[in-house]
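# The following comprises the amino acid sequence and a computationally predicted model.
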Amino acid sequence: MTRYYCNTRALNPPERAQHSQLTRRLVSARRQIIEKQDGYEFQFKPSEISIAELASWVAAESKCCPFFDFRIALDHPGTLLRLQLAGEEGIKPFIRAEFNVPEK
């Protein structure tokens with residue numbers, strides 16, 4: 001199993017605080033979690049989380065956790081916003097722990 005480590009120094013203290021706040025907001029706003037072969041998909045309503053907020057979160061997260069593959073999609077005529085977090089084998093337990101994904 002591959003081990004994943006976040007670079008906690010990638011963000012300065014104000015950036016880290018803002019990122020942590022946005023992470024909590026994303027976790028609480030998720031409407032659905034779908035397990036994928038190489039990670040997870042989190043679904044949001046665009047009226048609750050904007051694409052700009054999601055893109056800002058991805059930009060910061062990619063600095064401290066560069067091992068993630070990120071995908072953002074807006075589907076169903078603007079009614080579904082999706083974020084996919086994926087990576088190499090062994091990434092799912094890390095995602096579950098870091099993003100409060102319940103075990104099946």
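Alright, I've got the coordinates.
# Would you mind measuring from residue 78 to residue 84?
Residue 78 is 18 Å from residue 84, where distance means C-beta to C-beta, to the nearest Å. Every C-beta, even on glycine, is put in place using the N, C-alpha and C of the backbone.
# What strand or helix carries the most centrally placed residue in the chain?
In the chain, the residue lying closest to the centroid (C-alpha atoms, centre = their mean) is residue 85, at 5.7 Å. In the assignment (DSSP states H and E), residue 85 maps to strand 80-86.
# what mean pLDDT does that strand have?
Strand 80-86 carries an average pLDDT of 96.
# Touching it from outside, list them.
With contact meaning C-beta atoms under 8 Å, 6 or more residues apart in numbering, strand 80-86 is reached by 26, 36, 38-46, 49, 51, 54, 58, 68-75, 91, 95, 99.
# What about the residues you listed, which are in strands?
Among these, DSSP state E puts 36, 39-44, 69-75 in strands.
# and the residue of the chain most remote from its centre, how far is that from residue 39?
What lies farthest from the middle of the chain is residue 77; by C-alpha atoms, centre = their mean that is 22.2 Å. With distances taken as C-beta to C-beta, residue 77 is found 26 Å from residue 39.
# So, low pLDDT: which residues of the chain?
1-2 (pLDDT under 70).
# so where's the longest helix in it?
Using DSSP state H to define each element, the chain has its longest helix at helix 13-29.
# Quick one: distance of that helix to the chain centre.
Relative to its chain's centre, helix 13-29 lies at 11 Å (C-alpha atoms, centre = their mean, to the nearest Å).
# Same question for stretch 62-75.
7 Å.
# Can you give me the neighbour number for the closest residue to residue 19 other than its chain neighbours?
Counting by C-beta to C-beta, 6 or more residues apart in numbering, residue 19 lies nearest to residue 60, which is 4.4 Å off, once chain neighbours are set aside. Using other C-beta atoms under 10 Å, residue 60 has 19 other residues around it.
# For the helix or strand hosting residue 60, name the packing helices and strands.
Assessed by DSSP H and E, residue 60 sits inside helix 51-64. Where contact means 3 or more C-beta pairs under 8 Å, 6 or more residues apart in numbering; DSSP states H and E, helix 51-64 is packed against helix 13-29, strand 69-75, strand 80-86.
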